[in-house]
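# Compute the structure for the input listed below.
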Amino acid sequence: MKAAHFALLTLGMVVAFVLGVQTARPDPLSEPTSQEIAEAQQIGDRLLPRMWSGMFQNQAWLKALRRRGYIYCYQNRTISPDCARAQDEAIQNVFFALTISKAQQSMANQSELSPREFEVARNPELRSTVIRYCSRLYADHGQQDVRVLAACLGNLSDFSPLVAVPVP
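Numbering: from 1, shown residues only. From the prediction side, this is the model:
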């Protein structure tokens, strides 16, 4: 093969690769507007007990989780009601996991807890380790699908065996 043919073949491969990458690149995903998120949340609020809808509106960290969860649910130019409901349930699980594990640390009779819950309750650093791990996992997955965070934080109790907790 002559050098000119080799150079032409190499150039053709580079051009084909670049064109292939350009055509294979997916269109950027659009996001719902603030109005669309607010409307979907109002629908979700009707299905929730008042306590939860109030907490979602008044606690900034829950409000932020919910917003990102609803953005995750944006498909075909609408927020999927089933997905939004799953996100709301996941946020409730996150809240319960954090609140209950914190309360268990100050329980008078921790011996009534399961072995996993007992280890988390008696070792505050273990609770912090699980929370940090789960936060990183959630971030690694785009900080949108709250179910990832909820399933992981279930490790603070007997809810999910995703994170190894040393139980004697």
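# biggest helix in the protein by residues?
In the chain, taking DSSP state H as the definition, the longest helix is helix 81-105.
# Need the mean per-residue confidence for it.
Helix 81-105 comes out with an average pLDDT of 91.
# how much space between the closest residue to L156 other than its chain neighbours and A84?
Excluding the flanking residues, the one nearest L156 by CB to CB, 6 or more residues apart in numbering is S101, at 3.8 Å. The C-beta positions use only the backbone N, C-alpha and C, and glycine is treated the same way. As for S101, its distance to A84 is 26 Å (criterion: CB to CB, to the nearest Å).
# cool, Q105 as well?
Distance of Q105 to A84, given as CB to CB: 33 Å.
# got a list of what the closest residue to P124 other than its chain neighbours touches?
Of all residues not flanking P124 in the chain, Q105 sits nearest, at 6.0 Å (CB to CB, 6+ apart). By CB atoms under 8 Å, 6 or more residues apart in numbering, the residues touching Q105 are 121-122, 124, 127.
# And S80, by the same measure?
The contact partners of S80, by CB under 8 Å, 6+ apart, come to 73-74.
# my guess is the residue nearest to L156 meets R127, correct?
Yes - the criterion here is CB atoms under 8 Å, and S101 meets it with R127 at 5.6 Å.
# list the residues that contact both of those two?
Joint contacts of S101 and R127 (CB under 8 Å, 6+ apart) are 120, 156.
# What is the neighbour count of the residue nearest to L156?
Counted with other CB atoms under 10 Å, residues neighbouring S101 total 21.
# Starting from S30, give me the distance back to T78.
As judged by CB to CB, T78 and S30 stand 11 Å apart.
# more neighbours, those two?
For T78 and S30, the more surrounded residue by other CB under 10 Å is T78, and the numbers stand at 11 against 8.
# The more buried one - nearest residue in space that isn't next to it in sequence?
Nearest one to T78, counting by CB to CB, 6+ apart, is E36 at 7.7 Å.
# Please tell me the pLDDT value assigned to the one you found.
pLDDT, read off for E36, is 90.
# So which elements touch the helix or strand where it lies?
Using DSSP states H and E, E36 falls within helix 34-47. In terms of contacts (3 or more CB pairs under 8 Å, 6 or more residues apart in numbering; DSSP states H and E), helix 34-47 is packed against helix 50-58, helix 60-72, strand 78-79, helix 81-105.
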